[in-house]
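> task: produce atomic coordinates for the following.
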Amino acid sequence: MKKLATLLIVSVLGGVLTLGSYKLFFEEEPISSNFALPSTEATSNFIPANYTDRVYGTNADFTEAAENTVHAVVHVKNVAVFNGSRNPFEFYYGRRGGSEGKAVQGAGSGVIITPDGYIVTNNHVIEGASELEVTLNNNQTYMAEVIGTDKASDIALLKVDAEGLDYIPFGNSNNVRLGEWVLAVGNPFNLKSTVTAGIVSAKARDLNTADAIPQSFIQTDAAINPGNSGGALVNINGELIGINTAITSKTGSYVGYAFAVPSNNARKIVEDIMEYGDVQKGILGIRGYSVTQRAVEEFDLDATQGVLVADISPGSGAENAGIRENDIIRKIDNIEINKLSDLTGYINSKRPGDKVAVTLLRDGREREVTVTLTKYEVYRIRSIGLEVANASKDELRRYNTDYGVKINQILRNDLPADELAGNIITEINNEEVHNIQDVERIIEGKRSSDPVVVTFIDENVEKQRVVWR
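Residues are numbered from 1 along each chain as shown. All right, here's what the predicted structure looks like:
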């Protein structure tokens, strides 16, 4: 009987252990389709971080965009042709096998934008080239012709003699959003057909606040290195939204900050070069500044963002539309204008004669005016390497003169750009100049052998006189 009781107890214990093991190791917990939040009392100090209208994730597929773009990004080699000696042996004994020498002066990337061989790249990639070699992803090489350049925007247009090429369609860079996935396609460090991914970090980024005309770049954290210049920044659909142009780095290589010319600006420049032979720049006709806290306090402004109008150009579209000094521009064509580079970036995608709707604040009230853009007029004195533009009243006052034209851009590398740009030229060949028409008349009327004598006022408001022969 004792043995029977013992056996019974052992059997019961065994059954309990077996059932427990099954529950513990094999039976699944029920899964709820809803995530329950703690009770209201426990969560009164917390805000749920859930968004029901949009799903975000990091599982974006870049393969299609990469495959559709990598064959349309080319390797651009800047080849210099020279006659000098390349080494001491050639200096003493002369060059063998021909009188000319060739050397790759620089290399970058380019983007095919039409199947018949038009290519966009950076001006600094091809500047000073004697010859340009373009190599496709399939290793086929062409010699390229420079169709036109715009140094101010660092864009150049090339052409190769080919048909049926892969190309990248332009996207609308105005629609680019912060945090949007992008790919950078190019040839960094001569590594052909490299694709890197990142997001849009900022829009309308101005890298040079001292420049008279603010820049307006798309900033991305996609890795861009030397050799990527002129390559493509594309969205997840494989559309061209920017031309990779610059990096900010203490080392010279990528550290997380890279910049691209917006595709709308690049496309407009390319179309201008193809249709007109040069860039047609439209302007509002204002001089303005980004609204800052200091400006808010000094002028008792009604907004903390926008562009404060400081000066109006006579006869400009802004003057004709009734824009006044101290107006604050907030939108153009419903594009938000938070700083000066927002304004210049958008206007640089337009042409003279285009009409834009400008939303502005005046005395605390919002109003909208329609402005017809006027042509940005400059004249290039190619013989001395200076580009001049009409000066505003504010610029003339700053240099303590009643007349003159502004040195807008330096066209020669051997001239001190930092010292000359922005100065006011008051006389050329001892004749007063009041506008660029005066400059053109004097320069075109002189003999080619005559020197050019320029009198200008420098940043210290002192007159200088330079003779170019």
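
> so where is this protein shaky, pLDDT-wise?
1-59, 82-104, 208-214 (pLDDT under 70).

> which residues touch the residue nearest the centre of it?
Most central in the chain under Cα atoms, centre = their mean is Val261, positioned 2.4 Å from the mean C-alpha point. For Val261, the contacting residues are 153-155, 217-218, 242-243, 245, by Cβ atoms under 8 Å, 6 or more residues apart in numbering. Any C-beta I mention is one placed from the backbone N, CA and C, and that applies to glycine too.

> again, 10 Å this time
Going by Cβ atoms under 10 Å, 6 or more residues apart in numbering, Val261 touches 120, 122, 150, 153-155, 173, 215-218, 230, 233, 242-246, 269, 345, 348.

> that one belongs to a helix?
No - according to DSSP: H, G, I helix; E, B strand; the rest coil, Val261 belongs to no helix; its state is strand.

> for it, name its beta-bridge partners.
Beta-bridge partners recorded for Val261 (DSSP bridges): Ile243.

> out of the contacts of Val261, list just those in helices.
Under the assignment DSSP state H, the contacts of Val261 contribute 269, 345 to helices.

> just the ones of the contacts of Val261 in strands?
Here DSSP state E is the test, and the contacts of Val261 give 120, 150, 155, 217-218, 233, 242-246 as lying in strands.

> now the closest residue in space to Gln219 that isn't next to it in sequence: how far from Gly242?
The shortest distance from Gln219 to any non-neighbouring residue, by Cβ to Cβ, 6 or more residues apart in numbering, is to Ala202 (4.0 Å). To Gly242, Ala202 is 12 Å away according to Cβ to Cβ, to the nearest Å.

> where do the helices of the protein begin and end?
Here the chain has its helices, by DSSP H, at 2-25, 63-69, 88-93, 123-126, 263-276, 293-299, 317-321, 340-347, 393-398, 417-420, 436-445.

> elements contacting the fifth one?
To tie it back to what came earlier, the one meant is helix 263-276. In this structure, helix 263-276 makes packing contacts with strand 118-121, strand 145-150, strand 155-159, strand 217-220, strand 232-235, strand 240-247, strand 258-262, helix 340-347, judged by 3 or more Cβ pairs under 10 Å, 6 or more residues apart in numbering; DSSP states H and E.

> just name the most buried of those.
Counting by mean count of other Cβ atoms under 10 Å, strand 232-235 has the highest mean neighbour count of those, with a mean of 29.

> pairing partners for that strand, with directions?
Sheet pairing of strand 232-235 (DSSP bridges) gives strand 181-186 (antiparallel), strand 240-247 (antiparallel).

> right, and Val182 touches Ala66 too?
No - between Val182 and Ala66 there is no contact under Cβ atoms under 10 Å: 11.7 Å.

> Serialize the strands paired with strand 232-235 to a markdown table and add fields for distance to Ala295.
Below are these laid out as a markdown table (distance: least, Cβ to Cβ, whole Å):
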| stretch | distance to Ala295 |
| --- | --- |
| strand 181-186 | 33 |
| strand 240-247 | 28 |
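
> burial measure for Pro169, as a count.
14 (other Cβ atoms under 10 Å).

> what's around Ser313, how many residues?
Other residues near Ser313 number 18, with proximity taken as other Cβ under 10 Å.

> Leu373 is in contact with that one, correct?
No - between Ser313 and Leu373 there is no contact under Cβ under 10 Å: 11.8 Å.

> about what we covered before: would JSON lines of the helices and strands packed on helix 263-276 with distance to Ile424 be doable?
Below are those laid out as JSON lines (distance: least, Cβ to Cβ, whole Å):
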{"stretch": "strand 118-121", "distance to Ile424": "35"}
{"stretch": "strand 145-150", "distance to Ile424": "24"}
{"stretch": "strand 155-159", "distance to Ile424": "28"}
{"stretch": "strand 217-220", "distance to Ile424": "29"}
{"stretch": "strand 232-235", "distance to Ile424": "38"}
{"stretch": "strand 240-247", "distance to Ile424": "30"}
{"stretch": "strand 258-262", "distance to Ile424": "30"}
{"stretch": "helix 340-347", "distance to Ile424": "22"}
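
> separation between Asp166 and Val73?
9 Å.

> ditto for Thr292
Relative to Val73, Thr292 is positioned 40 Å away (Cβ to Cβ).

> related to what we said a few turns ago, ok, Val182 and Ala66, which is more surrounded?
The neighbour count for Val182 versus Ala66, taken as other Cβ under 10 Å, is higher for Val182 (25 against 16).

> tell me the contacts of that one?
Applying Cβ under 10 Å, 6+ apart to Val182 gives the contacts 62, 65, 176, 196-201, 218, 220-222, 232-236, 241-242, 260.

> next: Pro169.
Applying Cβ under 10 Å, 6+ apart to Pro169 gives the contacts 68-69, 72, 113, 234, 237-240, 263.

> ok, back up a step: closest to Glu395 out of the helices and strands packed on helix 263-276?
Comparing the helices and strands packed on helix 263-276 by their distance to Glu395 (Cβ to Cβ), the top pick is helix 340-347, with 16.0 Å.

> got the angle for the closest one vs helix 263-276?
40 degrees (axes from the mean of the first three to the mean of the last three Cα atoms, to 10 degrees).

> ok, back up a step: spit out the residues that contact Ala202 and Gly242 alike.
217-220, 259.

> return the member of these nearest to Tyr403.
Once Cβ to Cβ is applied, the member of those that ends up nearest Tyr403 is Phe217, at 35.5 Å.

> test my guess that that closest one contacts Ala204.
Yes - in this structure Phe217 lies within contact range of Ala204 using Cβ under 10 Å: 7.6 Å.

> shared neighbours of the two, anything?
Common contacts of Phe217 and Ala204 (Cβ under 10 Å, 6+ apart): 262, 341, 345.

> would TSV of these with distance to Gly186 be doable?
Output for the shared contacts of Phe217 and Ala204, formatted as TSV (distance: Cβ to Cβ, whole Å):
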residue	distance to Gly186
Pro262	17
Ser341	24
Gly345	22
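
> and Tyr142, how far from Asp161?
In terms of Cβ to Cβ, Tyr142 sits 7 Å off from Asp161.

> neighbour count: the two, which is higher?
Taking neighbours as other Cβ under 10 Å, Tyr142 and Asp161 compare with Tyr142 leading, 19 against 10.

> next up, the contacts around Gln219.
178, 198-205, 207, 242, 246, 248, 257-260.

> which among those residues end up buried?
198, 200-201, 203-205, 207, 242, 246, 257-260 (16 or more other Cβ atoms under 10 Å).

> so Glu131 makes contact with Lys77?
Yes - Glu131 lies in contact with Lys77 (Cβ under 10 Å); the separation is 8.6 Å.

> so what's in contact with these two at the same time?
Here Glu131 and Lys77 have 105, 144 as joint contacts, going by Cβ under 10 Å, 6+ apart.

> now the nearest residue to Gly164 once chain neighbours are set aside: how far from Thr251?
Sequence neighbours aside, Pro115 is the residue nearest to Gly164 in space, at 5.6 Å (criterion: Cβ to Cβ, 6+ apart). Pro115 sits at a distance of 39 Å from Thr251 (criterion: Cβ to Cβ).

> ok, the two, which is more surrounded?
Neighbours were counted for Pro115 and for Thr251 using other Cβ under 10 Å; Pro115 has more, 13 against 7.
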